[in-house]
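> Turn this into a model:
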Amino acid sequence: MTRQWLRKLNLTVEGGGKTLDLSELRVRFIVQQELQRQRPAVAQITISNLSDDTANAINKEGKIVSLSAGYEDGFGQIHKGEIYQKRGPARETPVDKYLVLNSKSGDTAYSYAVVNKSLAAGHTYRDQVDVALEAMKPFGITAGFIADLGSQKMPRGRALFGMARDVLRTVAQSTNSAWTIRDQKLEIVKNDKAMEGQAFVLNSQTGMIGMPVQTTGGIQVRMLLNPKVRPGTRLKIDQASIQRAALNQDYFNPVELQQLVLPSIAADGFYKVLYLEHSGDTRGTAWYTDCACVATSEQGLVLANFAKQGIPTDV
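Residues are numbered from 1 along each chain as shown. Have a look, this model is predicted:
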């Protein structure tokens, strides 16, 4: 079991042929990763009391931000992405300045990667993914975990033309999968399966905080910051510790209430992470990973609940 003791953080900003290490400053961060909406992971990182020279260098040349966090005995990367907005330096008190970096993993590839290639009869869904990945590689995207998409061979050739992200969405819909870009890597996970590897046992001894709660968006659970947990990871949670949902009867009309189906509390205790948020403050108390997870076969149920509530799932 990992010993969650002594926080550790590493933050670097690359650009202009230089790498700035900002790890010793006060850093606050929120990192969000998900499978439901099939889009890049995002992060907001706030750095306090930078020197004017360092802040100006980041504003002029900062391109890529890399953030690793955890504990001395359990440390790893939780975000790597392109900086799409810089705010500051500004003041939050008369003596404290801050600079905010907003980042998306694979933002340029998501926005601009275009495919223009024909595949012969007999190609597979993985071949289509490889075409999309090839279009994204010039923008710094590499292959991460890509699930087995099957060996089905297409009876006819196909011309792939348009945005690479649209090709990936089509493949995902056809193979019952979901894709995301995390840490500048393309990842694809089957909807009815978790990622390979041993499940992370979550309880009060391994970092769970409070009690998990059943909601229409999945089983919500908080733990001490754990960089090993990511979308698609399997968690093992004792079903007896999960609090049943309490729906607000005044908010839902009777028809909506009947349509919403709560994710089940898995008898075997195994869940798949669909969404997570890492949050932390190197000079404060926050140092958490919050997850929404479902029994492995129920990702579609959560998406259906989102659709009934008007929450977009493909943006």
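
> Where does the prediction get shaky in the protein?
1-2, 247-261, 267, 297-315 (pLDDT under 70).

> Identify the residue nearest the geometric centre of the protein.
For the chain, the residue sitting closest to the mean C-alpha position, by C-alpha atoms, centre = their mean, is Gln33 at 1.4 Å.

> contacting residues for that one?
By C-beta atoms under 8 Å, 6 or more residues apart in numbering, the residues touching Gln33 are 41, 180, 182, 230-231, 275-277. For glycine as for every other residue, the C-beta is placed from the backbone atoms N, C-alpha and C.

> Buried only: go through these for me.
Applying 16 or more other C-beta atoms under 10 Å to the contacts of Gln33, the neighbour count classes 41, 180, 182, 230-231, 275-276 as buried.

> For these, give me JSON lines that also has secondary structure.
Shown next, in JSON lines, are the buried ones among the contacts of Gln33 (DSSP: H, G, I helix; E, B strand; the rest coil):
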{"residue": "Ala41", "secondary structure": "coil"}
{"residue": "Thr180", "secondary structure": "strand"}
{"residue": "Arg182", "secondary structure": "strand"}
{"residue": "Arg230", "secondary structure": "coil"}
{"residue": "Pro231", "secondary structure": "coil"}
{"residue": "Tyr275", "secondary structure": "strand"}
{"residue": "Leu276", "secondary structure": "strand"}
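
> In contact with the nearest residue to the residue nearest to the centre of the chain once chain neighbours are set aside, which residues?
Leaving aside its chain neighbours, Gln33 sits nearest to Ala41 (4.2 Å; criterion: C-beta to C-beta, 6 or more residues apart in numbering). Applying C-beta under 8 Å, 6+ apart to Ala41 gives the contacts 31-34, 79, 81, 104-105, 180-183.

> run the last query once more with 7 Å
31-33, 79, 81, 105, 180-182 (C-beta atoms under 7 Å, 6 or more residues apart in numbering).

> same check, this time on Arg87
So Arg87 contacts Val100 (C-beta under 7 Å, 6+ apart).

> same question, the one 4 residues further on
With contact set as C-beta under 7 Å, 6+ apart, Arg91 has these partners: Lys97.

> wait, isn't Gln220 in contact with Met211?
No. Gln220 is beyond contact range of Met211, at 9.8 Å (criterion: C-beta atoms under 7 Å).

> Out of those two, name the residue with the larger neighbour count.
A direct count of neighbours by other C-beta atoms under 10 Å for Gln220 and Met211 places Gln220 higher, at 19 against 12.

> quick one, strands of the stretch 1-150 of the chain?
For the stretch 1-150 of the chain, applying DSSP state E, counting those that start in this stretch gives strands covering 7-15, 18-21, 27-34, 42-48, 64-71, 74-91, 97-104, 114-119, 142-146.

> can you tell which of the ones you listed is closest to Asn203?
strand 74-91 (15.7 Å; C-beta to C-beta).

> so how far is Ser264 from the residue nearest to Val27 when sequence neighbours are not counted?
Spatially, and ignoring its direct neighbours in sequence, Val27 is nearest to Thr282 (5.0 Å; C-beta to C-beta, 6+ apart). Distance of Thr282 to Ser264, computed by C-beta to C-beta, to the nearest Å: 39 Å.

> Settle it for me: which of those two has more neighbours?
More neighbours surround Thr282 than the other of Thr282 and Ser264, with 19 against 14 (other C-beta under 10 Å).

> Hmm, Phe29 and the more buried one touching each other?
No. Judged on C-beta under 7 Å, Thr282 makes no contact with Phe29 at a distance of 9.0 Å.
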